[in-house]
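Colleague: Using only what follows, build the 3D model:
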Amino acid sequence: MIPEPEIAQATVEDVEEILALQRLAYQSEAQIYGDWDTRSSG
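Modeller: Below is the predicted model:
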């Protein structure tokens, strides 16, 4: 039986893993535009 996923609020300790996941998620767009800056453009 597959366990239910747990949704919890992120903490400071999660930052490194969250940023790595964000970078992977936007890798194709970053390659197209030549821009790896993941900060908000706003």
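
Colleague: Next, find the distance separating the residue most central in space within the chain from residue 10.
Modeller: Centroid-nearest residue in the chain: residue 22, 2.0 Å away (criterion: CA atoms, centre = their mean). From residue 22 over to residue 10 the distance is 12 Å, taken as CB to CB, to the nearest Å. All C-beta atoms are positioned from the backbone trio N, CA, C, and that covers glycine.

Colleague: Then residue 36?
Modeller: According to CB to CB, residue 36 stands 22 Å off from residue 10.

Colleague: ditto for residue 34
Modeller: Distance from residue 34 to residue 10, by CB to CB: 29 Å.

Colleague: In terms of neighbours, single out the busier of those two.
Modeller: Higher neighbour count among residue 34 and residue 10: residue 10, with 9 against 6, using other CB atoms under 10 Å.

Colleague: any idea what sits nearest residue 30, other than its immediate chain neighbours?
Modeller: Among residues not flanking residue 30 along the chain, residue 36 sits closest, at 4.8 Å (CB to CB, 6 or more residues apart in numbering).

Colleague: Count the residues that sit near that neighbour.
Modeller: Neighbours of residue 36 (other CB under 10 Å): 11.

Colleague: With that, I have no additional questions.
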